[in-house]
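1. Kindly return the folded structure for what I paste below:
(2 chains)
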2 protein chains.
Amino acid sequence: MSQAVIFREFGKAEEVSALEVSPHPELQDGQILVRMLATPINPADINFIQGNYGIRPELPDTPGIEGTGRILESKAEGYPEGAHVIFLERVGTWKSHVVCEASKALVIDAKIDFLQASMLKVNPITAWRILTGYTKLKEGDWVIQNAANSGVGQCFIQIAKLLGLKTINVVRREGLEKDLLELGADHVLLDDNELVDKVREICGDKLPKLASNAVGGDSALRLMDALADQGVHVTYGAMSMRSLKVPNKFLIFKRIRLEGLWITKWIAEEKRKKIEETYAQLGEWVAAGKLTQKIDQTFRPDQLKEALVRAQESRRDGKVVIDWSDY
Amino acid sequence: MSQAVIFREFGKAEEVSALEVSPHPELQDGQILVRMLATPINPADINFIQGNYGIRPELPDTPGIEGTGRILESKAEGYPEGAHVIFLERVGTWKSHVVCEASKALVIDAKIDFLQASMLKVNPITAWRILTGYTKLKEGDWVIQNAANSGVGQCFIQIAKLLGLKTINVVRREGLEKDLLELGADHVLLDDNELVDKVREICGDKLPKLASNAVGGDSALRLMDALADQGVHVTYGAMSMRSLKVPNKFLIFKRIRLEGLWITKWIAEEKRKKIEETYAQLGEWVAAGKLTQKIDQTFRPDQLKEALVRAQESRRDGKVVIDWSDY
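-> Numbering: from 1, shown residues only, chains lettered A, B, ... in the order given. Below you'll find the predicted structure:
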């Protein structure tokens, strides 16, 4: 029986969304029917249900910016039954069965663990895009990020290492150093007033050329301060909910550049070939165990409310994932 | 008798600087001796004397980031006696006689009025660089700037028009509209809370792709708000002395890019050929009367203190220039 998470008004995710029986439409030419295997709960999903995302859907709607599944039935060339896919465009993944235009899906290596594959769309490519899309870096260059223990943060550490870059990883609390060093972090520093001095000690005259910011406010400002002249500061999240403050001297005399990344928009606008090549590379790293994301806990779809509550707790150890595979 | 403005400590420009007799050094091979004709007083000069500029000189020093003069004596090929020059690198222009490496000077068309030529180095190329260096614009595109009545602002209006762009010009007080429209401005708007709505009314769905900011603070924020998606916001000044505030959504969802311009640094680092071509184009426009900067008042060098005081008053009508030609 086909089921889907539905929300009929914007609000607290755990209050306004529920699992409902929801028959999927009949398959048309060019479409595929996908049996979903796993869908993570991302902050963007929570924002989407709250009505605080970049786009506001007409209601009722089904959340879910990413996830993976297996093709049950196909009316599209290049999308064979049994193949595993992720979704490049919004299909509302929190369903047992997704019917969509095949072009919205991307076939991935079925050997990739499906829980890891469910998180392939957003975090790895966000980190990859920040590391490769904004400034030319060469092996041995330093890069810096805050929210280093987040999903994107952990991907950033691993991909930077694969690219030969050295990372300074800024976190808001003690106790994360060991795990991040094991992932490949070069340094883990607390997000406090000593941060900039410590970065200068570590990097000497080779200050970071790139900063990845998911926090905003004071933390974003410290990253600007830690950057080299003409460094680039990329914002992809705003956990502190505070605007960036940018001293004029950083723009004029230090000549830093500030950019932002909305990864789903980037994916939608980038050439398909580039997207496919990028996911092929990322998928290869995931399959080889070189790029993994931590999972805090998996939940069954009928544990939706618990899953949503857990996903919004601050001291998780990884992503919350809904496992549709046995349901 | 060779004279120079000298300051021996950082402080209020009119208090710490004075005109002094200052013999110039003997000419070496590769150098030129230039009899100065005119030097404007720029905000950057005031900041330099205050010790608030991007570089702090060893004291005593002579201010002056720009100016023009006539070559009196030359030991360098390509720099004939009688030729008029401006200076690409810092020589401290507030002197009757400048001796410098010829490569620091650029020969300009001697037909350009020397008061206009004295202001050719900084403002016109700042406006030109902002309009051409940050994003691809096509004829008919809208651009927006604050501080539209400043020297750079007036150059911005004229150069934008020469490039086929349409300008929205933001000013802090009433009464400037007529003058700016005569210069070629398309619209002149007050820098208040209605600004963004008015820009949307004027531009419809073709919002400005470029914003030029010399103010910072709330004014800079309004320019961000008025920009099109993926617009570029360039800061070259900070008249309000207030940091920029950048809402995260402008970076992430609106995908604006923030950059800064330190024009003297840009000139120092850019290829000489590009610099020469650019000044040739700008000089041609100035000689043809298509690009002019207003002069509030000229002063003799022995009126230095009056000139410095006047240059710091807010309601000037153009630049304050020291005229060395008759001195």
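2. Show me what from the stretch 151-300 of chain A comes close to chain B.
-> Residues of the stretch 151-300 of chain A that fall close to chain B, judged by C-beta under 8 Å from any C-beta of the partner chain: A:216, A:235-238, A:243-262, A:265. Every C-beta, even on glycine, is put in place using the N, C-alpha and C of the backbone.
3. switch the cut-off to 7 Å
-> Residues of the stretch 151-300 of chain A lying close to chain B by C-beta under 7 Å from any C-beta of the partner chain are A:216, A:235-236, A:238, A:243-248, A:251-253, A:255, A:257-262.
4. what's the burial count for the residue nearest to A:Arg242 when sequence neighbours are not counted?
-> Taking C-beta to C-beta, 6 or more residues apart in numbering or on different chains as the measure, A:Arg242 lies nearest to A:Gly217, with 3.2 Å between them; neighbours along the chain are not counted. Residues lying near A:Gly217 (other C-beta atoms under 10 Å in any protein chain shown) number 17.
5. There's contact between A:Gly217 and A:Ser240 in this structure, I believe.
-> Yes. Between A:Gly217 and A:Ser240 there is a contact at 4.2 Å, judged by C-beta atoms under 7 Å.
6. Ramachandran angles for the residue nearest to A:Arg242?
-> Phi and psi for A:Gly217, reported as degrees, to the nearest 10, are phi 50, psi -140.
7. For my notes, confirm A:Thr167 occurs in a strand.
-> Yes. Remark: A:Thr167 belongs to a strand, assigned using DSSP: H, G, I helix; E, B strand; the rest coil.
8. my guess is it meets A:Ala185, correct?
-> Yes. Applying C-beta under 7 Å, one finds A:Thr167 in contact with A:Ala185, separated by 5.5 Å.
9. what do those two both touch?
-> Listed contacts common to A:Thr167 and A:Ala185 are A:Ile157; contacts here mean C-beta atoms under 7 Å, 6 or more residues apart in numbering or on different chains.
10. Start from the N-terminal end of the stretch 101-250 of chain A and give the strands.
-> Shown for the stretch 101-250 of chain A, the strands assigned by DSSP state E, counting those that start in this stretch span residues A:105-108, A:142-145, A:166-171, A:187-190, A:210-213, A:232-235, A:244-246.
11. Same list, those strands, but as CSV with distance to A:Val320, mean pLDDT and mean neighbour count please.
-> As requested, those are exported to CSV (distance: least, C-beta to C-beta, whole Å; pLDDT from 0 to 100; neighbours: other C-beta atoms under 10 Å in any protein chain shown):
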stretch, distance to A:Val320, mean pLDDT, mean neighbour count
strand A:105-108, 21, 97, 22
strand A:142-145, 22, 98, 28
strand A:166-171, 20, 98, 25
strand A:187-190, 24, 98, 20
strand A:210-213, 23, 98, 29
strand A:232-235, 24, 98, 25
strand A:244-246, 28, 97, 23
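12. Run a quick neighbour tally on A:Ala307.
-> Counted with other C-beta under 10 Å, residues neighbouring A:Ala307 total 25.
13. tell me which element it is part of?
-> Assigned by DSSP states H and E, A:Ala307 falls within helix A:304-311.
14. Just the CA trace of the strand or helix carrying A:Val5, in PDB.
-> Using DSSP H and E, A:Val5 sits in strand A:3-7. Listed next in PDB are the C-alpha coordinates belonging to strand A:3-7 (Å, rounded to 0.1, in the frame of the first residue of the first chain):
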ATOM      1  CA  GLN A   3       2.000   5.800   1.700                       C
ATOM      2  CA  ALA A   4       3.300   9.300   1.900                       C
ATOM      3  CA  VAL A   5       4.100  12.000   4.500                       C
ATOM      4  CA  ILE A   6       1.700  14.800   4.000                       C
ATOM      5  CA  PHE A   7       1.500  18.300   5.600                       C
END
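15. Determine the set of other helices and strands touching that strand.
-> Applying 3 or more C-beta pairs under 7 Å, 6 or more residues apart in numbering or on different chains; DSSP states H and E, one finds that strand A:3-7 contacts strand A:17-21.
16. quick one, domains of chain A?
-> A:2-119+A:293-323, A:124-263 (the TED database).
17. Hmm, A:Leu304 is touching A:Val5, no?
-> Yes. The pair A:Leu304 / A:Val5 is scored as a contact, 6.1 Å apart, by C-beta under 7 Å.
18. Show me the common contact partners of these two, please.
-> Taking C-beta under 7 Å, 6+ apart as the contact rule, the neighbours common to A:Leu304 and A:Val5 are A:17, A:19.
19. Look at those two and report which has more neighbours.
-> When neighbours are counted by other C-beta under 10 Å, A:Val5 comes out ahead of the other of A:Leu304 and A:Val5, with 27 against 19.
20. how far away is the more buried one from A:Thr39?
-> Counting by C-beta to C-beta, to the nearest Å, the gap from A:Val5 to A:Thr39 is 9 Å.
21. who touches both of those two?
-> Overlap between the contact sets of A:Val5 and A:Thr39, as judged by C-beta under 7 Å, 6+ apart, is given by A:Trp94.
22. so which strand or helix has A:Asp45?
-> Here A:Asp45 is assigned to helix A:43-50, by DSSP H and E.
23. packing partners for the helix or strand that comes right after that helix?
-> Next along the chain after helix A:43-50, taking DSSP H and E as the criterion, comes strand A:68-74. The contact analysis (3+ C-beta pairs under 7 Å, 6+ apart) places strand A:68-74 against strand A:31-41, strand A:84-87.
24. closest to chain B out of these?
-> Comparing the helices and strands packed on strand A:68-74 by their distance to chain B (C-beta to the nearest C-beta), the top pick is strand A:31-41, with 19.5 Å.
25. Where does the stretch 51-200 of chain A get nearest to chain B, which residue?
-> Closest point on the stretch 51-200 of chain A to chain B, by C-beta to the nearest C-beta, is A:Gly54, at 4.0 Å.
26. Need the pLDDT of that residue.
-> A:Gly54 carries a pLDDT score of 75 in this model.
27. Likewise for A:Ala44?
-> pLDDT recorded at A:Ala44 is 88.
28. what's the nearest residue to it if we skip its chain neighbours?
-> Taking C-beta to C-beta, 6+ apart, and ignoring the residues beside it in sequence, A:Ala44 has A:Ile65 as its nearest neighbour in space, at 5.5 Å.
29. ditto for A:Lys95
-> Distances taken as C-beta to C-beta, 6+ apart put A:Ala4 closest to A:Lys95, at 4.0 Å, once the chain neighbours are dropped.
30. quick one: the one you found and B:Val232, what's the gap?
-> Counting by C-beta to C-beta - A:Ala4 and B:Val232 are separated by 41 Å.
31. likewise A:Glu66?
-> Distance check for A:Glu66 against B:Val232: by C-beta to C-beta, it reads 30 Å.
32. Then A:Ala307?
-> A:Ala307 is 41 Å from B:Val232, by C-beta to C-beta.
33. Check A:Cys155 too.
-> As judged by C-beta to C-beta, A:Cys155 and B:Val232 stand 28 Å apart.
34. A:Leu223 now?
-> Taking C-beta to C-beta as the measure, A:Leu223 falls 21 Å from B:Val232.
35. What's the mean pLDDT across the next helix-or-strand element following the helix holding A:Ala307?
-> With elements assigned by DSSP H and E, the helix or strand that comes after helix A:304-311 is strand A:319-323. The average pLDDT within strand A:319-323 is 97.
36. what helices or strands is strand A:319-323 leaning on?
-> strand A:31-41, strand A:295-299, helix A:304-311.
37. Taking the centroid of chain A, which residue is nearest it?
-> Most central in chain A under C-alpha atoms, centre = their mean is A:Asn123, positioned 2.4 Å from the mean C-alpha point.
38. Chain neighbours aside, what residue packs nearest to it?
-> A:Asn123's closest residue in space is A:Gly151 (C-beta to C-beta, 6+ apart), at 4.2 Å.
39. got it, and A:Thr132?
-> The shortest distance from A:Thr132 to any residue other than its chain neighbours is 7.5 Å, reached at A:Leu163 (C-beta to C-beta, 6+ apart).
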